[in-house]
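> return atomic coordinates for the entry below.
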Amino acid sequence: MKIALIAHDKKKKAILRFCKEHVEILSKHDLYATGTTGTIISRETNLSIHCFKSGPLGGDQEIGARVANGEIDMIIFFRDPLTAQPHEPDVSALFRLSDVYEIPLASNPSTAALLFESLK
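Residues are numbered from 1 along each chain as shown. Here you go, the predicted structure:
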């Protein structure tokens, strides 16, 4: 399965914690991430992750293009709903694409954990 990992700045610690808790599952899949998130996760877990650009620099759009081309199977996107994001249109577009192409998308650790239950 091809899994995309994304997190806004205030959620990077949460996604790192999630990935450490689920490293065994993640190690069995192809991982993709926006630049900063992927670099942090890879450095702290030794997981192999293909990193795109940082979200605000187009990384969300790069992952969205993969979704549109059938190259992403699941998205874990821990977003910060309380902070305005300068690239909010890109974030909204990615959520829309996940709906259009029926790609499971978890926007918080509880939902991501439920999705990962199906991967066990």
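> what is the neighbour count of the closest residue to residue 70 other than its chain neighbours?
Leaving aside its sequence neighbours, residue 70 sits nearest to residue 101 (C-beta to C-beta, 6 or more residues apart in numbering; 7.4 Å). Glycine gets a C-beta too; all of them are placed from N, C-alpha and C. Residues lying near residue 101 (other C-beta atoms under 10 Å) number 13.
> now stretch 78-87: mean pLDDT?
Confidence over stretch 78-87 (mean pLDDT, whole number) is 89.
> contacting residues around stretch 68-83?
1-11, 14-15, 18, 32, 63, 66-67, 85, 91, 94-95, 97-98, 101, 103-109, 112, 115 (C-beta atoms under 8 Å, 6 or more residues apart in numbering).
> now with 6 Å, please.
Contacting residues not belonging to stretch 68-83 are listed as 1-8, 10-11, 14-15, 66, 97-98, 104-107, 112 [C-beta atoms under 6 Å, 6 or more residues apart in numbering].
> now, which of these lie within helices?
Counted as lying in helices by DSSP state H, out of the contacts of stretch 68-83, are 14-15, 66, 97-98, 112.
> can you put those in JSON lines and add neighbour count?
Converted to JSON lines, these look like this (neighbours: other C-beta atoms under 10 Å):
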{"residue": "14", "neighbour count": "16"}
{"residue": "15", "neighbour count": "22"}
{"residue": "66", "neighbour count": "20"}
{"residue": "97", "neighbour count": "21"}
{"residue": "98", "neighbour count": "22"}
{"residue": "112", "neighbour count": "26"}
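> want to throw those into CSV with pLDDT?
Listed next are these as CSV, based on pLDDT from 0 to 100:
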residue, pLDDT
14, 98
15, 98
66, 98
97, 97
98, 97
112, 97
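> check what pLDDT the residue nearest to residue 70 gets.
So, for residue 101, pLDDT stands at 98.
> repeat for residue 113
Reported pLDDT for residue 113: 97.
> check the one 4 residues further on too.
Residue 117 carries a pLDDT score of 93 in this model.
> what's the burial count for it?
9.
> could you do residue 90 as well?
Neighbours of residue 90 (other C-beta under 10 Å): 20.
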